[in-house]
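[1] Structure for the following, please:
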Amino acid sequence: MRGMILIVLMALIGAGIAFDKGAWTLPAGWNPWQPLAVEDPLTPVTRWKLGRLEGDREACLAVLARVPESVLAYAPLADHTPVADCPLENVVRIERAGVAFDSSFVAACPLAVAWLRYERHRLQPAARELFGRSVAAVEHYGSFACRNIYGREQGRRSLHATAEALDVAAYRLDDGRRIEVRRDWGDDDAEGKFLRRARQGACDAFGSVLGPDYNTAHADHFHLGVGGYRVCR
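    Presented below is the predicted three-dimensional model:
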């Protein structure tokens, strides 16, 4: 509760308040009592609200249900255990979002929400600013994998074990241009700048973001996850 009070104070001081019909109101995205919406700007409050969706299936699915069909094709899945010791709860199957994916994938519902917000508020603006184009498709290495981090026999479970992370390998623009993490990361050209923007923007939308600067295991992809430890590397 104390943390929530601090967030509200940040909203009042940093974002400003509006006076409407005789009442003071918080701007969209700064009101902790309003349900999360994909169109809300990325703020500390919306990050907090995203975290609350992890344990609230109905509230999370309600966020997705308000997204137009033209922006999201998905199917809610019943809780199930596809692999022993890796039960999946509060998950959906994503067919496409504002972008096409090279294959559908199972995602924890909050991961789906985080992706939509990332795509809207960070990914597409970066593509339009740098290329004057939109991202049309995304290639990925999958979301669910019943394993510990780095596939070790001992250690904590990976976010992939609960479908709370997606590994993105490449982005394709609507003019056909393909921007690949392995090939283009670290370059000084537009593609390299775009990948840096895409990675940094992901840090605003997801809880854990790992890329080539983190270690060699992530040299060919961005790990975008919700839940777990917060890290941006």
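
[2] Phe105 and Ser143 touch, don't they?
    Yes. Phe105 sits in contact with Ser143 when judged by CB atoms under 8 Å, with a separation of 4.5 Å. The way it works is simple: take the backbone N, C-alpha and C, and place the C-beta from them, glycine included.

[3] what sits in contact with each of the two?
    163, 166 (CB atoms under 8 Å, 6 or more residues apart in numbering).

[4] These two: which is more packed in?
    Per other CB atoms under 10 Å, whichever of Phe105 and Ser143 has more neighbours is Ser143, with 25 against 20.

[5] The more buried one reaches Val168, doesn't it?
    No. In this structure, Ser143 is not within contact of Val168 by CB under 8 Å, at 10.3 Å.

[6] Skip the chain neighbours and tell me the closest residue to Ala205.
    Tyr118 (3.7 Å; CB to CB, 6 or more residues apart in numbering).

[7] for Leu53, same thing?
    Cys60 (4.0 Å).

[8] And Asp79, by the same measure?
    Nearest to Asp79 is Glu89, by CB to CB, 6+ apart, at 4.6 Å.

[9] For that neighbour, give me the pLDDT.
    Listed pLDDT for Glu89 reads 95.

[10] contacting residues around it?
    The neighbours of Glu89, taking CB under 8 Å, 6+ apart as the test, are 57, 79, 162.

[11] Quick check: ChimeraX command selecting the buried ones in those.
    Those of the contacts of Glu89 that count as buried under 16 or more other CB atoms under 10 Å are selected in ChimeraX with:
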select :57,162
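
[12] my read is Ala145 is in a helix, agree?
    No. Per DSSP: H, G, I helix; E, B strand; the rest coil, Ala145 lies outside any helix segment and is coil.

[13] residues touching it, list them.
    By CB under 8 Å, 6+ apart, the contact list for Ala145 reads 158, 160-161.

[14] now swap in Ile94 and tell me
    Going by CB under 8 Å, 6+ apart, Ile94 touches 72-74, 101, 104-107, 112, 115.

[15] lowest-pLDDT helix or strand in this protein?
    The helix or strand of the chain with the poorest confidence is strand 18-20; it has a mean of 45 (mean pLDDT, DSSP states H and E).

[16] Same list, the contacts of Ala145, but as a markdown table with neighbour count please.
    Shown next, in a markdown table, are the contacts of Ala145 (neighbours: other CB atoms under 10 Å):
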| residue | neighbour count |
| --- | --- |
| Ser158 | 22 |
| His160 | 22 |
| Ala161 | 20 |
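
[17] Setting aside sequence neighbours, what's the nearest residue to Gln144?
    You called it Gln, but residue 144 is Phe. Closest residue in space to Phe144, ignoring its immediate chain neighbours: Ala163 at 4.3 Å, by CB to CB, 6+ apart.

[18] Can you give me the neighbour number for that neighbour?
    Number of residues near Ala163 (other CB under 10 Å) recorded here: 28.

[19] residue ranges for the strands of this structure, please.
    Counting by DSSP state E, the chain has strands at residues 18-20, 23-25, 73-77, 80-83, 86-88, 91-96, 100-108, 135-142, 165-173, 178-180, 208-210, 222-225, 231-232.

[20] Packed most tightly, which of these would that be?
    strand 222-225 (a mean of 25; mean count of other CB atoms under 10 Å).

[21] And it, how far out from the chain middle?
    With CA atoms, centre = their mean, to the nearest Å as the basis, strand 222-225 stands 8 Å off its chain's centre.
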